[in-house]
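*Asks:* Coordinates only, no sequence provided:
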């Protein structure tokens, strides 16, 4: 049972954070999707992520965005002995269904200052044309 707290979401938030520091992963890849006349504008915040660590893929109608990040903090005293050494490596993935009619070439993406902006056009599904072939009946 979660207990209410005035300091965080629950009583143990400050104690059980990874890796027992103030590093939070809740905000990684927070996404806003805006419905416009021509398509959908996807704005995804990725603080601390470099452009080369972001990959976007369109497969079977699903747009999948993957971001990898890592950090290595070393602190040594004057003799070169470790005082503290922390490492973090992680990957986050988000997927959105955009439809089978959207092509990879139609999606425009731009990464700037830790923010990925994508424009996914709206494409209406063409209804399947019912090609009925009739057999001529003589007589």
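*Replies:* All right, it came through fine. Not measured: the values here are computed from a predicted model.

*Asks:* And the strands in this protein?
*Replies:* For the chain, the strands defined by DSSP state E cover 30-35, 39-45, 54-59, 62-76, 82-97, 108-112, 115-121.

*Asks:* for the longest one, what is the average pLDDT?
*Replies:* Same thing as strand 82-97. Strand 82-97 comes out with an average pLDDT of 80.

*Asks:* Then the first one?
*Replies:* For strand 30-35, the per-residue pLDDT values average out at 92.

*Asks:* ok, and what's touching it?
*Replies:* Residues from elsewhere that reach strand 30-35, judged by CB atoms under 8 Å, 6 or more residues apart in numbering: 40-45, 94, 96. Backbone N, C-alpha and C define where each C-beta goes, glycine included.

*Asks:* Please identify which of the residues you listed is nearest to residue 51.
*Replies:* Nearest to residue 51 among the contacts of strand 30-35 is residue 44, at 12.7 Å by CB to CB.

*Asks:* Next, the contact list for the closest one, please.
*Replies:* By CB under 8 Å, 6+ apart, the neighbours of residue 44 are 29-32, 65, 94, 115-118.

*Asks:* JSON lines for the strands of the chain, including distance to residue 134?
*Replies:* Compiled in JSON lines, the strands of the chain are given as follows (distance: least, CB to CB, whole Å):
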{"stretch": "strand 30-35", "distance to residue 134": "43"}
{"stretch": "strand 39-45", "distance to residue 134": "41"}
{"stretch": "strand 54-59", "distance to residue 134": "40"}
{"stretch": "strand 62-76", "distance to residue 134": "40"}
{"stretch": "strand 82-97", "distance to residue 134": "38"}
{"stretch": "strand 108-112", "distance to residue 134": "46"}
{"stretch": "strand 115-121", "distance to residue 134": "38"}
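
*Asks:* quick one: low-confidence parts of the chain?
*Replies:* 1-27, 72, 74, 76-77, 80, 83, 124-131, 133, 135, 139 (pLDDT under 70).

*Asks:* One more pass at 50, please.
*Replies:* Along the chain, segments meeting pLDDT under 50 span 1-7, 15-16, 18-25.

*Asks:* among the contacts of strand 30-35, which two are most distant?
*Replies:* 40 and 45, at 16.7 Å, using CB to CB across the contacts of strand 30-35.
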